[in-house]
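Asker: Return a 3D structure for these sequence lines:
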Amino acid sequence: MQNTGIYKLSLKEYENLFDKQYVSLCLFANNYISDLEVSKDLVQDVFIKIWEYKIKFQSENSIKSYLYTSVKNKSLDYLKNKRVKTTDYFSIAEMEKLETEPFFLSEVVISETSSIIEQAINTLPNKCAIIIRMSIKNFTNSQIAEELNISINTVKTQKKIAYKKLRPLLKDHFILIAFIFDNLN
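Answerer: Below you'll find the predicted structure:
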């Protein structure tokens with residue numbers, strides 16, 4: 001993709017963008033909607049709009065900004081429409097919180113960081129990846145060992161291998177990851 005000037009995405013660039021951003025955007029929408037199937041539909045609608053209307057962008061950053069803003073707006077529209085159809089599904093205060101810039105920015109950072117972490121985990125050997133994912137979900141070493149029918153020492157060894165491989169992949173994203181884990185607690 002070009003870095004300057006206005007341009008339209010080629011089919012290949014569009015497919016790459018979809019492949020790269022789809023999961024993150026679905027998770028992002030799900031933070032608003034709490035329904036993964038509806039979230040997927042909303043994200044697909046955004047991508048269809050980009051393709052059908054041949055929307056042009058200034059840069060890769062403007063594409064991401066457009067995607068996240070569009071998904072946020074679609075999600076809020078969905079919630080407002082759902083609120084009208086059902087009795088007080090979301091209070092006005094809850095809707096106002098979802099519409100704030102800090103909530104939006106926080107969810108974008110969480111979504112992007114989750115995607116970076118997931119890409120790094122996907123580079124690990126299968127057993128390491130499974131153990132790290134379970135660890136992220138707050139499973140203890142003994143729970144992981146019991147669930148996977150392996151020894152606690154194997155869990156510890158696999159975690160060491162994973163950390164050793166993840167550290168260089170995630171070192172440039174340390175601030176983002178620290179921000180996410182700080183805000184989750």
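Asker: What average pLDDT does stretch 76-85 get?
Answerer: Throughout stretch 76-85, pLDDT has a mean value of 77.
Asker: so where's this protein shaky on pLDDT?
Answerer: Counting by pLDDT under 70, the ranges of the chain that qualify are 1-7, 83-92, 174-185.
Asker: so what's the residue nearest to Ile116 when sequence neighbours are not counted up against?
Answerer: If the residues on either side of it in the chain are set aside, Ile116 comes closest to His173, at 5.3 Å by Cβ to Cβ, 6 or more residues apart in numbering. The C-beta positions use only the backbone N, C-alpha and C, and glycine is treated the same way. Counting by Cβ atoms under 8 Å, 6 or more residues apart in numbering, His173 touches 113, 116-117.
Asker: Just the ones in helices from those residues, please.
Answerer: 113, 116-117 (DSSP state H).
Asker: Next, format the contacts of His173 as a markdown table and append distance to Lys160 and neighbour count.
Answerer: Output for the contacts of His173, formatted as a markdown table (distance: Cβ to Cβ, whole Å; neighbours: other Cβ atoms under 10 Å):
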| residue | distance to Lys160 | neighbour count |
| --- | --- | --- |
| Thr113 | 23 | 20 |
| Ile116 | 21 | 18 |
| Ile117 | 18 | 20 |
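Asker: re earlier: out of the ones in helices among the contacts of His173, which one sits closest to Ile50?
Answerer: Distance to Ile50, by Cβ to Cβ, is smallest for Ile116 among the ones in helices among the contacts of His173, at 22.9 Å.
Asker: That closest one touches Leu170, doesn't it?
Answerer: Yes: using Cβ atoms under 8 Å, Ile116 is in contact with Leu170, at 7.2 Å.
Asker: returning to what we had before: Serialize the contacts of His173 to TSV and add fields for distance to Asn138.
Answerer: Shown next, in TSV, are the contacts of His173 (distance: Cβ to Cβ, whole Å):
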residue	distance to Asn138
Thr113	18
Ile116	20
Ile117	15
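Asker: Out of those residues, which comes closest to Gln158?
Answerer: Out of the contacts of His173, the member with the shortest distance to Gln158 (by Cβ to Cβ) is Ile117, at 17.1 Å.
Asker: Quick check: the gap between that closest one and Lys64.
Answerer: Using Cβ to Cβ, to the nearest Å, we find Ile117 at a distance of 17 Å from Lys64.
Asker: Check Glu99 too.
Answerer: Between Glu99 and Lys64 the distance is 20 Å, computed by Cβ to Cβ.
Asker: quick one: which of the two has more around it?
Answerer: Neighbour comparison, Glu99 and Lys64: the larger count goes to Lys64, with 18 against 15 (by other Cβ atoms under 10 Å).
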